[in-house]
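**Q** here is the input, now give the coordinates:
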Amino acid sequence: MSAKQGHAWLRPVVEYGPVVLFFISVKFFDLMTATAVLIVASVLAVGTSLIRTRQLAWAPLVTTIIVVIFGGLTLIFHDETFVKMKPTVVNGLFAVTLWSGLLFKKPMLQHVLGEGLRLDETGWRKLEFRFGCFFAAVAVANEAVWRTQTTDLWADFKLSVIGFTFLFMLTQLPMIRRHMLVEASAGEGAGG
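**A** Numbering: from 1, shown residues only. Here you go, the predicted structure:
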């Protein structure tokens, strides 16, 4: 087993672990406690990832920086608005980043997923555009939910975004299959 395979569990833990802990903390305590848990869990997750893999993935790093800023403002001013706006800012930033990459012909998603996914140029452009749309939709939905619903319902929505993300990725599989690059050496899998 390679080192990369040995750390396969780490990426979902880093990306979703803090959100799950935040959700549990909101349900058992309150939003301020959950915000403190989110900050600590996010920093620990990124730190653990750095120690284990010796590299920082840009998406969790950016998310953690925004968590620390918006979560810190929430705790300092005892105002839940900041932490509720954080998903809007993160998802909006991801959408703008992906669309900017398309506009300037510097695809960002390929750099993030490139090692695990080999697509032709058209496939990368489609996937990047669609992910940008998905992140923009999540940002808009977060704004609608936190401004019109209770904190408990907003926390439920925040956790449900994990499921929506997986469903979105599943809907992209047919397009991904159509644009996958075939390995150059066809006989490689027969002997090894």
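**Q** and the helices in the protein?
**A** Along the chain, counting by DSSP state H, helices occupy 3-6, 10-28, 31-53, 58-77, 81-103, 109-113, 121-148, 151-179, 188-191.
**Q** list the contacts of the fifth one.
**A** Contacts with helix 81-103, where a contact means Cβ atoms under 8 Å, 6 or more residues apart in numbering, come from 31, 35, 38, 59, 62-63, 66-67, 70-71, 73-74, 106-109, 125, 128-129, 131-133, 135-136, 138-139, 142-143, 146, 151, 154, 158, 161. In short, each C-beta sits where N, CA and C put it, glycine included.
**Q** filter those down to the buried ones.
**A** 31, 35, 38, 59, 63, 66-67, 70-71, 73-74, 107-109, 125, 128-129, 131-132, 135-136, 138-139, 142-143, 146, 154, 158, 161 (16 or more other Cβ atoms under 10 Å).
**Q** can you tell me the closest non-neighbouring residue to the spatially most central residue of the chain?
**A** Nearest residue to the geometric centre of the chain (Cα atoms, centre = their mean): Glu15, 5.9 Å. Excluding the flanking residues, the one nearest Glu15 by Cβ to Cβ, 6 or more residues apart in numbering is Pro60, at 6.0 Å.
**Q** number of residues surrounding that neighbour?
**A** 19 (other Cβ atoms under 10 Å).
**Q** surely it meets Ala45?
**A** Yes: counting by Cβ atoms under 8 Å, Pro60 does reach Ala45; the two are 6.9 Å apart.
**Q** who touches both of those two?
**A** Jointly contacting Pro60 and Ala45 under the rule Cβ under 8 Å, 6+ apart are Val14.
**Q** and the residue nearest to the centre of the chain, how close does it get to Leu31?
**A** Counting by Cβ to Cβ, to the nearest Å, the separation of Glu15 from Leu31 is 22 Å.
**Q** any weak-confidence spans in this protein?
**A** For the chain, the stretches flagged by pLDDT under 70 are 1-8, 114-115, 183-192.
**Q** rerun that using 90 as the cut-off
**A** In the predicted model of the chain, residues 1-17, 19, 48-63, 104-119, 121, 181-192 satisfy pLDDT under 90.
**Q** for the residue nearest to Glu15, give me its contacts.
**A** Val14, Glu15, Ser42, Ala45, Val46, Ser49.
**Q** for Phe22, see how far away the closest residue in space to Arg11 that isn't next to it in sequence is.
**A** In this structure, Arg11 finds its nearest non-sequential neighbour in Ala57, 7.5 Å apart by Cβ to Cβ, 6+ apart. Using Cβ to Cβ, one obtains 20 Å as the distance from Ala57 to Phe22.
**Q** swap in Ser49?
**A** Distance from Ser49 to Phe22, by Cβ to Cβ: 18 Å.
**Q** which one's more surrounded, those two?
**A** Phe22 (26 against 22).
**Q** contact partners for the nearest residue to that one once chain neighbours are set aside?
**A** In this structure, Phe22 finds its nearest non-sequential neighbour in Leu38, 4.2 Å apart by Cβ to Cβ, 6+ apart. Applying Cβ under 8 Å, 6+ apart to Leu38 gives the contacts Pro18, Val19, Leu21, Phe22, Ser25, Val67, Gly71, Val83.
**Q** all good on my end, thank you.
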